[in-house]
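Visitor: build me a structure from this.
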Amino acid sequence: NNPWLKDVTVRYPDVDVSTLPWPDDADTWDARDLDLFIGSGGFLKPKKKKSIVVGGHPGQALAASTQAPPAATVAEAAPAAVAPAADGKASGTSSSDVEDLSASFEVPGFSKERHALTLPVRVHCEDTTPRGHVHIESLVAFSERIRSLTLKQIMGLSLADLREQEQLAILATEYVCEVVGEGFRVLDTLRVDTTPEFPAAPLFPWDVEMVNDKTGDLYMRGLFALNLCAIAPNGSYSGIENDRYNSFTQRMRKWCHPDPARKRFSAMSLRFFNAYKPDGKPFTPTGRNIVAYRVRSRDCDMYNVLFQARVPSMMESCLPRYDMMAVYVNILSSVRPGFELTVYILHNEDSALFLCTHGKELVLTCFAHYGRIWPMSQEEIKCGSVPGVRMKLLKFCRDDDAKPTPCLDFDLSKV
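Guide: A predicted model of the protein is given here:
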């Protein structure tokens, strides 16, 4: 019966307010209190206000503040970090301790039914392609958004805090992002679900699925190999040691899926390509190109290195195809603004391999699918990830070596 509720809920069209855990005194809240509560998905409740007497009648008490101040921002509504238990270990580290948390825009939650961190993301015009799909770049950025918002709003730690206070960075080195559904409309909503794994330092991969919230159909499938890295005084990055890795990830382990069959990595199997099935056919290009690309500041992030979501758009500048449907990316070393890249491309009608060098060093590889939907294969990923395989291909593209013999992963006989 709160008189402010109707005006406030207009700002949260995707939240079913009837499912929130309303306390008894909610009728006395002002608009700011309601924004705080609804915007945090019911996480935060405003402090109880002292009552004032109106007209000398105690029965006519009103909340001390009745004017609606500016709406609380999501950052103000962020819940605090989990406090350590008395034994020194973080509380709530088992899957049985985690509870359902409702999600709203820019506020991640957790689904016990799907055992996944979840976040709704609205697709805007700038996210869409001329073919009616969502840009791969936007899909990768949405995947990054749920991870960074989870750190900020559930653990109370932003990426900036991580860098400035802990001298740590979370860097994506390899990922696959695949469109697997039909076209998508502007202002429809994607439900982003993600689940992490913690096989061994410094790797903690995140499996991602995006579902059309209107139809329930799977639209995107992805896998991101993140690495927890220490930042040296000179700005270089190195994988973190095991003790620090275990300490940092302890509170996140409750988000792992309890089904062992869902795991795609282990301490004895950390190679990314092993998470994908072989197709039984080698990559068979029919042509090759060489293109120059200068890395722009727009391609990089606050760490002064390449932002992983930008790679698909960079490669579109190198090979003018406008129907990318899936991509594998491998960032081999730091790529910074102003780098002059030489991009060697092997391609056929519906796929392409990009080998990007800075000077003589191979710094970035990418494999893309175009035009139609089919799964990324182990052979395709190995062309950009296995050192012996990619170096054979690079030497051929540079004319440093003769055409290599066909193998299980590639066949250059038609180039």
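
Visitor: got the contact list for the residue nearest to Val140 when sequence neighbours are not counted?
Guide: Spatial nearest neighbour of Val140, chain neighbours left out: Ala309 (3.9 Å); criterion: C-beta to C-beta, 6 or more residues apart in numbering. Placement of C-beta: from N, CA and C, glycine included. When contacts are counted by C-beta atoms under 8 Å, 6 or more residues apart in numbering, Ala309 touches Glu137, Ser138, Val140, Ala141, Glu144.

Visitor: got a list of contacts for stretch 113-123?
Guide: 14, 95, 103-111, 134, 138, 142, 145-146, 149-150, 184-195, 209-210, 213, 255, 257-258.

Visitor: what do you get if the cut-off is 7 Å, keeping everything else the same?
Guide: 14, 103-105, 108-111, 134, 142, 145-146, 149-150, 184, 186-195, 213, 255, 257-258 (C-beta atoms under 7 Å, 6 or more residues apart in numbering).

Visitor: same deal with stretch 402-409?
Guide: Contacts of stretch 402-409 (C-beta under 7 Å, 6+ apart): Pro282, Phe283, Glu379, Lys382, Cys383, Val389, Lys392, Phe396, Leu412, Ser413.

Visitor: go again with 6 Å.
Guide: Residues outside stretch 402-409 that contact it (C-beta atoms under 6 Å, 6 or more residues apart in numbering): Pro282, Glu379, Lys382, Cys383, Val389, Lys392, Phe396, Leu412.

Visitor: pick out the most distant pair among those.
Guide: Glu379 and Phe396 (17.0 Å; C-beta to C-beta).

Visitor: more neighbours: those two, which one.
Guide: Ranked by neighbour count (other C-beta atoms under 10 Å), Glu379 and Phe396 place Glu379 first, with 22 against 19.

Visitor: give the rounded mean pLDDT of whatever helix or strand that one lives in.
Guide: Here Glu379, judged by DSSP states H and E, is contained in helix 378-385. The average pLDDT within helix 378-385 is 98.

Visitor: packing partners for whatever helix or strand comes next after it?
Guide: Moving toward the C-terminus from helix 378-385, the next helix or strand (DSSP H and E) is helix 387-397. Under the contact criterion of 3 or more C-beta pairs under 6 Å, 6 or more residues apart in numbering; DSSP states H and E, helix 387-397 touches helix 378-385.

Visitor: now what about the helix it packs on, what contacts it?
Guide: Contacts of helix 378-385 (C-beta under 6 Å, 6+ apart): 273, 276, 278-279, 282-283, 328, 330, 353, 365, 367, 389-390, 409-410.

Visitor: let me know the closest of the residues you listed to Tyr245.
Guide: Among the contacts of helix 378-385, Asn330 lies closest to Tyr245 (C-beta to C-beta), at 21.6 Å.

Visitor: how about the closest one, what does it touch?
Guide: Residues counted as contacts of Asn330 (C-beta under 6 Å, 6+ apart) are Glu174, Thr365, Gly384, Ser385.

Visitor: now what about whichever strand or helix holds Met314, what contacts it?
Guide: In the assignment (DSSP H and E), Met314 maps to helix 311-318. When contacts are defined by C-beta under 6 Å, 6+ apart, helix 311-318 is touched by residues Ile136, Glu137, Val291, Tyr293, Met324, Val327, Val329, Val343, Phe354, Cys366.

Visitor: now the residues you listed as TSV including secondary structure, distance to Val180 and pLDDT?
Guide: Formatted as TSV, those follow (DSSP: H, G, I helix; E, B strand; the rest coil; distance: C-beta to C-beta, whole Å; pLDDT from 0 to 100):
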residue	secondary structure	distance to Val180	pLDDT
Ile136	helix	12	98
Glu137	helix	17	98
Val291	strand	29	98
Tyr293	strand	29	98
Met324	strand	14	97
Val327	strand	13	98
Val329	strand	18	98
Val343	strand	27	98
Phe354	strand	22	98
Cys366	strand	19	98
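
Visitor: out of the residues you listed, which is most surrounded?
Guide: Ranked by neighbours (other C-beta under 10 Å), those are led by Val329, which has 29 neighbours.

Visitor: from the contacts of stretch 113-123, list just the buried residues.
Guide: Applying 16 or more other C-beta atoms under 10 Å to the contacts of stretch 113-123, the neighbour count classes 103-105, 108-111, 134, 142, 145-146, 149-150, 184, 189-195, 213, 255, 257 as buried.
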